[in-house]
Structure formats: C-alpha cells, structure tokens
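Engineer: model this:
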Amino acid sequence: KNNNLITPEGTNDLLFKECVMRRTVQKAVSEVFMERGYSEIITPGIEFLDVFNLNSRHFPQEELYKLVDRKGRLIVLRPESTMPIARVVATRLKEATLPLRLCYDQYAFNVSTQMRGRSDQICQAGIELIGSSDRITDFEVIETAAAVLEKCSTGDYSLEIGDIGYFKELMNQLSATDEDKETIRDFIE
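Structural biologist: Purely as a prediction, here's the structure:
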C-alpha cells in the first residue's frame, strides 16, 4: 500500500491542459502523415522479446520492461515502434504492394537509468516508408519530419539526420568488447 498514491518512476499523469495539448499535437501530426498518403498502424503494447532481440538493432535487456506470458514465454512492453511494424510487414503485409507508407502514434516503454531526465513511457509518433530503393524517398521522409516540426512548433527547431549504418560499420571495425561498444553507443545516444 506504500505505492497506491504515486506513479511508477519515469511515468506521470497528464491533466486537463496537458491532455488538450497532447491531443492537439497528435491531431496535427496525424494530419501531416495522412496528407502525404501514410496509413495508420497500431501494434500491441506487448511483444515477444524475440522481436527486439535481433542483430539489426540492439535493445539492452536492462532497458526493457519484461513480463512472462501464461505459457512461460518472455514478452516485453514495446520499447519502440519500428521493429513491431517490421514484424507486421513481414507477416500480415508480406503480399502488399510496395512501397508501403505506414504511420503510428503509440506509447513506447523503456527503463531509463536514474537522473537522465527521460520518461519511461513516451508517446512515439512516426512514419515508416518500406520497400522503396529510390533515394527520393529519403527526401520524402525528411520533408515529412520537417512539415511535422513546422506545424507543431513556433518555427524554432532543428532537424538532426543520421544513419545507423555508419555507427554499425565503425563498431564492426573497432577492436573492443561488446560491453565497451554498448558503452560507446550509450554515450552517443
């Protein structure tokens, strides 16, 4: 009964004006995505650990909220939205005509280390443009991000563009332990 009046660390309640602000931003973001031909997708808040335990992207075990289902299988609260969407594309949408333009606005959950100023529960909105090798699609994604920022801000924003491929290649060439590589990744993040 000691915790019946508080929220877990890294979470908070939204009240009144905060809810209105959140819904206003969600509506604006959704409008930008829909105007550009993106279709909404919602994935479960819980996924099997295997979805996030792939070589393509590293999710440290200590940063995942883990549960066990009734069959004893490890499941996690969704730490981000891209991997579950990739799972859907590989299964339920495997026969779909490419490219696919998908968007989402859903919660993601990560265990934050203390004193880092991060919330364990974040609302993550974004797009996935899947199945096009045309370089112009990179510009489409960047332009969509800029349009969202323009619509949801006072115009004072910056857009950071990166490619995880560079980091992965540098890490592959680095003579370091997996633990040291993870420490480097954590510092960069």
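Engineer: tell me where this structure has helices.
Structural biologist: Assigned helices in the chain, in chain order: 17-35, 82-90, 136-152, 164-173, 178-188 (criterion: DSSP state H).
Engineer: so which bits of the third one are buried?
Structural biologist: Of the residues in helix 136-152, those buried under the neighbour-count criterion (16 or more other C-beta atoms under 10 Å) are 140-141, 144-145, 147-149. Every C-beta, even on glycine, is put in place using the N, C-alpha and C of the backbone.
Engineer: pick the most deeply packed of the helices of the chain.
Structural biologist: With neighbours defined as mean count of other C-beta atoms under 10 Å, these peak in mean count at helix 82-90, which reaches a mean of 17.
Engineer: chain center to it: distance?
Structural biologist: Put simply, helix 82-90 sits 12 Å off its chain's centre (C-alpha atoms, centre = their mean, to the nearest Å).
Engineer: identify the residues contacting it?
Structural biologist: If you take C-beta atoms under 8 Å, 6 or more residues apart in numbering as the criterion, helix 82-90 is touched by 41, 43-44, 47, 51-52, 54, 57, 78, 96, 100, 102, 104, 126, 128, 130.
Engineer: return the item of those residues having minimum pLDDT.
Structural biologist: Between these, the one the model trusts least by pLDDT is R57, at 69.
Engineer: any weak-confidence spans in the protein?
Structural biologist: Within the chain, the segments meeting pLDDT under 70 span 55-57, 114-117.
Engineer: for the helices of the chain, give me CSV that also has distance to V68.
Structural biologist: Converted to CSV, the helices of the chain look like this (distance: least, C-beta to C-beta, whole Å):
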stretch, distance to V68
helix 17-35, 32
helix 82-90, 19
helix 136-152, 37
helix 164-173, 30
helix 178-188, 25
